[in-house]
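Asks: Curious how this folds, go ahead:
(2 chains)
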Amino acid sequence: MDKHFYITTPIYYVNDVPHIGHAYTTLACDVLARYKRSRGYEVAFLTGTDEHGQKVETAAKANGETPLELADRVVKRFQALWEKLNCSHTDFIRTTQERHKHTVCEQFKKIEASGDIYLGYYEDWYCTPCETFWTETQLLDGTCPDCGRETSKLKEESYFFKMSKYQDQLIKHIEDHPEFIQPKSRRNEILSFVREGLRDLSISRTSFSWGIPVPGNEKHVLYVWFDALTNYISALGYPEDKEGQFEKFWPAVHVIGKDILRFHAVYWPTFLMAAGLPLPEKIFAHGWWTVEGQKMSKSLRNVVEPNMLVDKYGVDAIRYFLLREVPFGLDGDFSHSALVNRVNSDLANDLGNLVSRTTAMLGKYFQGELPAPGPLSETDQALVERFPKTLEKVDKQLEEMAFNKALMSIWELISAGNKYIDDTAPWTLAKNPEQQEQLGTVMYNLLEGIRIISLLVAPFMPETGAKIQTILGCDGNNLVLEGQDQWGGLQPGVQIEKAAPLFPRIETE
RNA sequence: GGCGGUGUAGCUCAGUUGGUUAGAGCAUGCGGCUCAUAUCCGCAGUGUCCGGAGUUCGAAUCUCUGCACCGCCA
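Replies: A predicted model of the protein is given here:
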C-alpha cells in the first residue's frame, strides 16, 4: 500500500485578501492532511499564491508599488492566517519564485516540442474600461456584459495549446475514473462541457508584461492558468526532481472552489496529457458560503474576516463549524447564530461536558487515579464495540471527503459516552463499596473512550485533541491513530485531574 | 434555448435495489437524574414526502406531466 499522500489548495490570487472561502478550502485540506498523517502516511500539503497577471499589475500601479511589492504584502497576510488557523502545510509556493518559473518554462518547452503549441492570433472583443476580453457570443448587443459600454475588436498574436486534440482522451479518463471529479454533479457538468467540444486554448498574452515570458519569445507572457496550474508540480521539483519529491508524491488530490473547476478538470489534465504526465488522482470542488443568508461581496461589506472569527470564537470552534455545518461540495450559510449553536450544543454540551463530568467523577471516586477495568457487562461491551466500527466508518467517510459525516459519526460516540454514564449511574455505584470494581470499569471505559475520541477529533481540532490527550496524561504532541486506536491504550494508575471546561458556553442575550 | 440537479417535520437535511407505524440533529413541550460547563438521559409530537396523472398487490422511491428554485453551457 502506498503510504504517500499529496494534497493541494489552489494558489490564491494576491489581488484578493483572505476571506472565509480561502480559509474553508485550506482547512479542509489541513484536516485531510492531518488525518492521513495520523494514519501513518507521509504527507505533502501544498498551498501558495498566484501572483502574476494583468489585475495584479494594474492594482500595483494604482498603489504606486511594484507588482512584487504588492504580492509580498498580501502573501504575508495569507501566511499569517494559515498560521493562526493551525494549518500544517509542508510547502508554500509563490508563482514569482524561481523554482516555479523554471518548471513552467520546462513544461512549455516540453509541450511545444511535442507539437502541441503553435503561434496564432487571438481575436476577441475587448472592453477597455474593464480590461476584459469577451467572445462574440458573450456580448450583449455588441456591448460589454459587465458594464454595458462599447467594446472593440482586438487581434493579438498568441500561442495556442492544442486542447482540442485531447478531448476524447479526457472524456475517456473521466468516464473510466468516476472518482476523478467530485462531487458527481460537477463531474456531469464537466463531462457535458467537454462533450460539446474543446477549442484550442490561448496560453499567452502580449497586452501586459507581469508574467512568465514565453521561452524564446519574450514579447509574450504566459497566460495565467498555464502559469498557475503548473504550481502543483513545480513545488515537487519537476522535472529534474532532484529530491525525488515528484516521484514520491505525484499525483495529487486537488481541493478547489467550484468557480475554478473547469481550469482544473479540463485545462490542467490536458496540459498534463500533452506533457506525458499522470493526471491528478482527484479533483474535489467544494461549495460557497453565503453570510447570514446573503451572497458574500465587497459591496455588501459582509465579507467574513477569518482573523476576527478566530479571535472571537477560537480556532477549533471555527474549524469545527466550517467542516461540520455543511456537506463538502454543497453551498452553505455562515451565520453567527448557527456557529454559536454548534459551539454550545456540540462542543460545550456534548464533548466538553463529557470530559468534565468524567474527569470530575474520577477525582471524586478514585482521587484521580485511573482504576484497572474489571470484567465487562453487556452495557460495557456495547460501548467498547462501537469504537472499532466507528474508526472504520470515519476512515471511509474521510476518504470520500465527507467531513460532516465523519464528524457526525464521531459525535455518535460522544453521545454514546454520555448515555453510558446515565445507564451505569456511577454515583449510585459509588454508594456501594461492593460495586467498587464495577465503578472502576465504568470510569476506565469512559476515559479510554475519550482518549480515542480525542485522537479522532484531532485532525479537525488539533488544539482540543492535544488538550484532551494532556488531560489524560498522554502525549499531546503525538496525535496519531495508527497503532494507538486499539482499545486499552490508557494505563491504569495514571493520575488524571478534573479538566477545566474545554469550550465555555457562549451566552447570548 | 440545451443539458443536469433539487423540492421530505418550525429550521437544516438523511432516506440504500419500490416493501410493515417516513427518520436524524437543532428548536419546542413534558418527565427523570445529580457526576458535570443549568449540562446529560428519556418521552412526545406535528409531515397533503411540491401539484396532477399513471405503472404496481404496494410509490417519498419508477414513468409522464405541470409548477418553483438552483447549477453548467450557449
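
Asks: Do you know the pLDDT at the residue of the stretch 201-350 of chain A found nearest RNA strand B?
Replies: Nearest to RNA strand B, among the residues of the stretch 201-350 of chain A, is residue A:349, at 2.9 Å (Cβ to the nearest atom of the strand). C-betas here are computed from N, CA, C, even on glycine. Predicted confidence (pLDDT) at residue A:349: the value is 94.

Asks: Would you tell me which residues of the stretch 201-350 of chain A are close to RNA strand B?
Replies: A:258-259, A:262, A:327, A:330, A:341, A:345, A:347-350 (Cβ under 7 Å from any atom of the strand).

Asks: Export those as CSV, with columns for neighbour count.
Replies: CSV is the format used below for these (neighbours: other Cβ atoms under 10 Å):
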residue, neighbour count
A:258, 18
A:259, 11
A:262, 17
A:327, 15
A:330, 13
A:341, 15
A:345, 11
A:347, 26
A:348, 19
A:349, 15
A:350, 16
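
Asks: from those residues, which two are the most distant?
Replies: A:262 and A:349 (43.3 Å; Cβ to Cβ).

Asks: one step back: could you look up the SS state of the residue of the stretch 201-350 of chain A closest to RNA strand B?
Replies: Going by DSSP: H, G, I helix; E, B strand; the rest coil, the secondary structure assigned to residue A:349 is helix.

Asks: ditto for residue A:46
Replies: Secondary structure of residue A:46, reduced to three states by three-state DSSP: strand.

Asks: which residues of chain A score low on pLDDT?
Replies: Counting by pLDDT under 70, chain A has low-confidence residues at A:1, A:127-142, A:144-148, A:298-300, A:509.

Asks: Can you report how many residues neighbour the residue in it positioned nearest to RNA strand B?
Replies: With Cβ to the nearest atom of the strand, the shortest gap between chain A and RNA strand B falls at residue A:352, namely 1.7 Å. Residue neighbour count, defined by other Cβ atoms under 10 Å, stands at 23 for residue A:352.

Asks: Pretty sure residue A:36 sits in a helix.
Replies: Yes - applying three-state DSSP, one finds residue A:36 inside a helix.

Asks: give me every residue that touches it.
Replies: Residues counted as contacts of residue A:36 (Cβ atoms under 8 Å, 6 or more residues apart in numbering) are A:5, A:7, A:43.

Asks: Closest one of those residues to residue A:402?
Replies: Using Cβ to Cβ, residue A:7 is the member of those that sits closest to residue A:402, with 15.8 Å.

Asks: picking that back up, now for the residue of chain A closest to RNA strand B: which residues touch it?
Replies: Listed by Cβ under 8 Å, 6+ apart, the contact partners of residue A:352 are A:501-503.

Asks: Quick check on those: which are buried?
Replies: Those of these that meet the buried threshold are A:502-503, by 16 or more other Cβ atoms under 10 Å.

Asks: Among the contacts of residue A:352, which ones are in helices?
Replies: Taking DSSP state H, every one of these sits outside helices.

Asks: ok, and which of the contacts of residue A:352 reach RNA strand B?
Replies: The overlap between the contacts of residue A:352 and the neighbourhood of RNA strand B (criterion: Cβ under 7 Å from any atom of the strand) consists of A:501-503.

Asks: Turn those residues into TSV, including distance to residue A:279.
Replies: As requested, those are arranged in TSV below (distance: Cβ to Cβ, whole Å):
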residue	distance to residue A:279
A:501	48
A:502	43
A:503	42
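
Asks: from the residues you listed, which single one is nearest residue A:174?
Replies: Of all these, the one sitting nearest residue A:174 is residue A:503; the distance, using Cβ to Cβ, is 43.1 Å.

Asks: I'd like to know which elements the helix or strand harbouring residue A:83 is packed against.
Replies: Element membership of residue A:83, judged by DSSP states H and E, is helix A:67-84. Under the contact criterion of 3 or more Cβ pairs under 8 Å, 6 or more residues apart in numbering; DSSP states H and E, helix A:67-84 touches helix A:20-38, strand A:42-50, helix A:54-63, strand A:91-94, helix A:306-313.

Asks: who wins for proximity to residue A:413 among those?
Replies: The minimum distance between residue A:413 and these falls on helix A:20-38, with 16.1 Å, by Cβ to Cβ.

Asks: So what's the gap between the closest one and the chain middle?
Replies: Centroid displacement of helix A:20-38 relative to its chain, using Cα atoms, centre = their mean, to the nearest Å, is 4 Å.

Asks: Give me the distance between residue A:431 and residue A:365.
Replies: As defined by Cβ to Cβ, to the nearest Å, residue A:431 lies at a distance of 10 Å from residue A:365.

Asks: So those two - more neighbours on which side?
Replies: Neighbours per residue, other Cβ under 10 Å: of residue A:431 and residue A:365, the larger number sits with residue A:365, 19 against 9.

Asks: you'd agree the more buried one is up against residue A:435?
Replies: No - applying Cβ atoms under 8 Å as the test, residue A:365 and residue A:435 come out as separate, 10.8 Å apart.

Asks: State the three-state secondary structure for the nearest residue to residue A:360 once chain neighbours are set aside.
Replies: The spatially closest residue to residue A:360, leaving aside those adjacent along the chain, is residue A:498, at 4.9 Å (Cβ to Cβ, 6 or more residues apart in numbering). Under three-state DSSP, residue A:498 falls in the coil class.

Asks: neighbours around residue A:283, how many?
Replies: Using other Cβ under 10 Å, residue A:283 is surrounded by 24 other residues.

Asks: Mind giving me the packing neighbours of the host helix or strand of it?
Replies: For residue A:283, the element it lies in under DSSP H and E is strand A:282-286. Contact analysis of strand A:282-286 by 3+ Cβ pairs under 8 Å, 6+ apart lists helix A:20-38, strand A:181-182, strand A:253-257 as its packing neighbours.

Asks: wait, does the next helix or strand after the second one contact RNA strand B?
Replies: So the one you mean is strand A:181-182. As assigned by DSSP H and E, the chain's next helix or strand after strand A:181-182 is helix A:184-195. Yes - using Cβ under 7 Å from any atom of the strand, a contact is recorded between helix A:184-195 and RNA strand B, made by A:185, A:188-189, A:192-193.

Asks: Just the buried ones from the residues you listed?
Replies: The neighbour-count test (16+ other Cβ under 10 Å) applied to the residues of helix A:184-195 next to RNA strand B identifies residue A:189 as buried.

Asks: Which pair of the residues of helix A:184-195 next to RNA strand B spans the longest distance?
Replies: Set against one another by Cβ to Cβ, those have their most distant pair in A:185 and A:193, with a gap of 12.9 Å.

Asks: and the closest residue to residue A:200 other than its chain neighbours, what helix or strand is that in?
Replies: Excluding its sequence neighbours, the residue lying closest to residue A:200 (Cβ to Cβ, 6+ apart) is residue A:160, at 4.5 Å. Element membership for residue A:160 (DSSP H and E) is strand A:152-161.

Asks: And that strand, what does it pack against?
Replies: Counting contacts by 3+ Cβ pairs under 8 Å, 6+ apart, strand A:152-161 is packed against strand A:117-127, strand A:201-202, strand A:204-205, strand A:217-222, helix A:268-274.

Asks: Quick check: which of these is buried the most?
Replies: strand A:204-205 (a mean of 24; mean count of other Cβ atoms under 10 Å).

Asks: Note down every partner strand of it and its orientation.
Replies: In its sheet, strand A:204-205 lies beside strand A:217-222 (antiparallel), with partners assigned from DSSP bridges.

Asks: chain center to the partner strand: distance?
Replies: On the basis of Cα atoms, centre = their mean, strand A:217-222 sits 34 Å off its chain's mean C-alpha point.
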